Structure formats: C-alpha cells, structure tokens
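Q: Predicted structure and sequence below. I'll ask about it afterward.
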Amino acid sequence: MNVLLDNFPEFRDGFIGTVSITAVSSVIALVLGVIIAGFRVSPVPPLRFFGTAWVTLMRNTPLTLLFLIFFFVVPEILFPGMSPFVLGSLALGFYTSSFVCEAVRSGINTVPLGQAEAARSIGMTFSQTLSIVVLPQATRTVIPPLSSIFIALTKNSAIAGAFSVAELFGWQKLMSDKGYDIVPVFIWVALGYLVVTFTISGLFRLLERRMEVAR
Amino acid sequence: MSGVSVTKAAENAAPAGDDLVVLSDVNKHFGALHVLQDIDLTIARGEVVVVIGPSGSGKSTLCRTINRLETIDSGAISIDGKPLPQEGKELARLRADVGMVFQSFNLFAHKTVLENVMLGQTKVRKTDKKAAEEKARTLLDRVGVGVQADKYPAQLSGGQQQRVAIARALAMDPKVMLFDEPTSALDPEMINEVLEVMQQLARDGMTMIVVTHEMGFARSAANRVVFMADGKIVEEATPEQFFSNPRSDRAKDFLSKILHH
Ligand SMILES: Nc1ncnc2c1ncn2[C@@H]1O[C@H](COP(=O)(O)OP(=O)(O)OP(=O)(O)O)[C@@H](O)[C@H]1O
Ligand SMILES: [Mg+2]
C-alpha cells in the first residue's frame, strides 16, 4: 500500500490548492506591493504615511496572527461568508505585499534621481514618472529578491492548511489522521512544495536572463 | 528676432515689456544654508540670460526653482504670467512648457534615442505616434544625431547625448529653456558641438536661461550676464560690459580666476 497512490485524488487536490493559493496571493502581493511602494515614494504626505504604516503593520505581525485575524475577526465585522480560500489568500497576499513593497522601493532607489527629474521636467505626472521611467529601470534589481519572497510565500501558504483551506500541508494532516507512516507522507509533501518553488525560481531565472539580453 | 553674435549683446536687443519668467524676492534654504537670497530676476520673451558664478553660489538651485524641481521658502515665481502651481497635474502641465537640460544629460536609459524624444510628446502632449516620430526625427536631424535614432543613450558620446537631451526638451515646444552647465560634463572636443546647437537656438529666438562658464557662448549669444555669489545676484550686465569691465570685486576676482586657466 502506497500512501500517494492510495490517496492520489486528495493529494492532487492539496497540490492544486497550494498552487492556487500561491498564485492568487502572489498576484495580490505583487499588485499591492508595487502600489504601496508608489505610495511610499509619493510626494503626498498622507499616502506616504499610509504606505509606511501598512508595511510596518504587515511586516511585523506574525503571519499566524494575521491568519487568525482574517479568519475570525474580518468575517465578523467586515465581510461575512467569505470562503476560507479567499480569506487565506488575502492574509497571505497582504502580508507578503509589505516585503514586495520594500524590495520594489529599494529597486526604485537604485535608479538615479536624474531619471525621475528628467521625466518630471518634460511634464510627466508622478504616476507616469514612476510607471514609465522609474519602475521599468528598477525591475532588474527587484527580480532576485522577489524570487525569494515568492518562494517564502509558497512555504507560508502551509499555514492556510490549518485554517481548513485545502492545500498540500493539509493532506499531511489528513494522512497522519488516517494512520499512515509519517515519513513517506512528509517526503511527498516536501516534493510537492519543491515542484512549486523550483518552478518559481526557474521562472524568475528565465526572467532575469531575458532582461539581461534586453539591455 | 534676435541678432547674431556680439552685435546682439551690444545693442541689447531684448524685446521690451514682455516678461516671460519673473522671480521676485525669492528665498530658499537648505537647512541652515541660505542658498537663494532675495533673488529678483526678470527674463523677457526671446531673451538669453547667462548665469555665471563660483561653485556653490546657487546657480543650479536657481535654475531648478524655475520649474519647481526645488521648492522655494518665500517669494514668487511666475512663468508667462502664471504663478508656479503646487505639485500636481497643473504643475506637470507647466513643466512641459519649460525645457530643462541637465549637466549629466539624464536621458532615459531604457529607451532608444528616438523614444526619448517621442515620450513626452505621446505621454504628456498626447500627440499621436506617427506625428511624434516625425517631429522627433526632424529634431534629431536638427541637432545632428539623426543617424543615432535607434541606439540607446549609453551607446552615444557625451556630446551626442546632450544634443539628444536638447532635442527631447525641444519636442515639447517649450516657452523657455533652462540649461544647467550643459557642457561641463563633456570632453573639450565635444563642447562646441553642443554650444553650436544652443547658439542656433538663441538665434532662432528661444528664451534661454543658461548656467555656464563658457564665455565664448555668453559673448556671442547672451543678451545679459547675471553674476551670482553666495546666493545673491551680485551683478547684471551685458556680456561686453561684464567680461571687459566688471563692477564688483567678487566678479573681478572670479573672472581673473577663470581667465587664468
Ligand atoms: N539638495 C541639497 N541639500 C542640501 N544642500 C544642497 C542641496 N543642493 C545644493 N545644496 C547646497 O547649496 C549650495 C548651492 O548649490 P548649487 O548646486 O545651487 O550651486 P551651484 O552654483 O550650481 O554650484 P556648482 O557650480 O558647483 O554647480 C551649495 O552649497 C550646495 O552644497
Ligand atoms: Mg550647479
């Protein structure tokens, strides 16, 4: 009896769950992280304040606590009836957005100030300056840290399993409850995560190489 | 409109009564440092003003306050009758009318030469691509870098980059052009190619504020020389007067230093 073959549908569902929550929260983290980074370098003080507060709050709260808040507080006061998958993706996406923001911001800081000044001098607005001139030049420095951030996100998605989101780590719990030997279960789970993380670092390496060719 | 070479300065042909850039009682601090002190300066339409002075006297800061890359602490600046607005859309619109050429070129490194000159037209003026490209190519030809259109800035010499930067600014049809030491980062053999473009621009009647130590340019193209020291305008005169017969001791001292190089 093989733990993987006997329980393949559940394993497959868990794997798909991990991939989905990783993908969805990555998108949330990326979009939000870039926007918040824009806030943090913006000339508007309230936006800067909001950006700083967001990063401080999200980055310094333990992820488990953030999950607890999202699963037990948010549905109570804000959006009742949200699915665990959505809540988990939001918690993970918000948390990771603070790291994305800081990576993007340090990338922005590597672009010489003269580039932004030249853009503003020809009449570009702040958001045009950022999106047309500064961010494209920051991308190259931002890609390597982003790779690590998204790998960390993948691994952090395991916490969602504890909150009844179907994902790989949850399969492990299911199997040990069924009385399977823990060692092969862990090996299969680890392999599942490796597939996802290797794919991410592969994609980013490809992206990095593509950028080097472009310039 | 403007005359050519020395004669222009001699007859001091600045068109009267049509003020384009007006700074009145402008003050600016960097912390404890009082970089601009009670600056009053008026530049008429079509006038070419050269700003000269020792390092640290506030020339760059003066230039940068005019398109509000630096804010001022007190006083007022207006361009074509309109006071400089607060940061935002309206300021962006006004900046499009003020061309700026930097010492270090600041061409967009990730865009080709052609794209550099098109970008402001398409994104700020909302000109369509085809018209923008046509104009960009015309301007690049005019400053003599037409054949480099598809290269990236890093593949060009400093002199070529600076001429592209001038074309980029001109593409916005600015009312006034600001130059902050446009030739001081260049190797000597490239200085003239940039100065010639600027001289042509002056002859075409462009209003220009030029921070430079190039006396040849000042003599041949400027209507007026403004001498700054320690954040103040110490002396204003025609180039002829200023270079041959400076009034203030600061100017005499400064000129003797740059002349003995
Ligand atoms: N962003 C800044 N923060 C603090 N001090 C500054 C800043 N920019 C300029 N300064 C100081 O203000 C003074 C005037 O600077 P500015 O660049 O306007 O001089 P300048 O006349 O252009 O000199 P240079 O000929 O060296 O270019 C200098 O003492 C400089 O150190
Ligand atoms: Mg300077």
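A: Everything's here; your move. Ligands and ions are numbered 1, 2, ... in the order given.

Q: Could you use CA atoms for every contact and neighbour count after this?
A: Noted.

Q: Can you report how many residues lie near A:Ser131?
A: By other CA atoms under 10 Å in any protein chain shown, 13 other residues sit near A:Ser131.

Q: What residues does B:Leu69 make contact with?
A: By CA atoms under 8 Å, 6 or more residues apart in numbering or on different chains, the contact list for B:Leu69 reads A:Glu117, A:Ser121.

Q: ok and the residue in chain A nearest chain B?
A: A:Gly123 (4.1 Å; CA to the nearest CA).

Q: Name the SS class of that residue, please.
A: With DSSP: H, G, I helix; E, B strand; the rest coil as the basis, A:Gly123 sits in coil.

Q: Tell me how many other residues crowd it.
A: 29.

Q: Contacts only, for the closest residue to A:Thr125 other than its chain neighbours.
A: Leaving aside its sequence neighbours, A:Thr125 sits nearest to B:Ala92 (CA to CA, 6 or more residues apart in numbering or on different chains; 5.7 Å). Contact partners of B:Ala92, counting by CA under 8 Å, 6+ apart, are A:Arg120, A:Ser121, A:Ile122, A:Gly123, A:Met124, A:Thr125.

Q: Which of the helices or strands spans B:Ala92?
A: Counting by DSSP states H and E, the element that carries B:Ala92 is helix B:89-96.

Q: what packs against the helix or strand encompassing A:Pro144?
A: Using DSSP H and E, A:Pro144 sits in helix A:135-156. Judged by 3 or more CA pairs under 8 Å, 6 or more residues apart in numbering or on different chains; DSSP states H and E, the packing partners of helix A:135-156 are helix A:8-40, helix A:84-110, helix A:182-214.

Q: ranking these by mean pLDDT, which is last?
A: Least confident of these, judged by mean pLDDT, is helix A:182-214 with a mean of 90.

Q: got the buried residues for that one?
A: Neighbour-count burial for helix A:182-214 flags A:Val185, A:Phe186, A:Trp188, A:Val189, A:Gly192, A:Tyr193, A:Val196, A:Thr197, A:Ile200, A:Ser201, A:Phe204, A:Glu208 (criterion: 16 or more other CA atoms under 10 Å in any protein chain shown).

Q: looking at it, the last one is touching A:Val142, isn't it?
A: No: with contacts counted by CA atoms under 8 Å, A:Glu208 stays clear of A:Val142, the gap being 9.9 Å.

Q: The helix ranked longest in chain B: how far from the chain's middle?
A: Counting by DSSP state H, the longest helix found in chain B is helix B:188-203. Its chain's average C-alpha position is 13 Å from that of helix B:188-203, according to CA atoms, centre = their mean, to the nearest Å.

Q: what does stretch B:95-114 give?
A: 13 Å.

Q: With stretch B:119-138 instead?
A: 22 Å.

Q: And stretch B:133-147, by the same measure?
A: Worked out by CA atoms, centre = their mean, stretch B:133-147 lies 20 Å from the chain centre.

Q: Which elements pack onto whatever helix or strand B:Ile43 lives in?
A: Applying DSSP H and E as the criterion places B:Ile43 in strand B:33-44. For strand B:33-44, the elements it packs on are strand B:19-30, helix B:59-66, strand B:232-237, judged by 3+ CA pairs under 8 Å, 6+ apart.

Q: what mean pLDDT does the longest one have?
A: Spelled out, it's strand B:19-30. On average, the pLDDT along strand B:19-30 is 97.

Q: do it and ligand 1 meet at all?
A: Yes: residues of strand B:19-30 contacting ligand 1 under CA under 6 Å from any ligand atom: B:Phe30.

Q: Pull up the pairing partners for that strand, direction included.
A: Sheet pairing for strand B:19-30, assigned by DSSP bridges, gives strand B:33-44 (antiparallel), strand B:74-79 (antiparallel).

Q: right, so of those strands, which gets closest to ligand 1?
A: strand B:33-44 (5.4 Å; CA to the nearest ligand atom).

Q: quick one: contacts of the closest one?
A: With CA under 8 Å, 6+ apart as the test, strand B:33-44 has contacts from B:14-29, B:49, B:57-58, B:61-62, B:75, B:207, B:230-233.

Q: Show me what the next helix-or-strand element following that strand packs onto, helices and strands only.
A: Next helix or strand after strand B:33-44 toward the C-terminus (DSSP H and E): strand B:48-52. Using 3+ CA pairs under 8 Å, 6+ apart, the elements in contact with strand B:48-52 are strand B:207-211, strand B:224-229.

Q: Tabulate the ones you listed (a markdown table), appending mean pLDDT and mean neighbour count.
A: Converted to a markdown table, these look like this (pLDDT from 0 to 100; neighbours: other CA atoms under 10 Å in any protein chain shown):
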| stretch | mean pLDDT | mean neighbour count |
| --- | --- | --- |
| strand B:207-211 | 98 | 26 |
| strand B:224-229 | 97 | 24 |
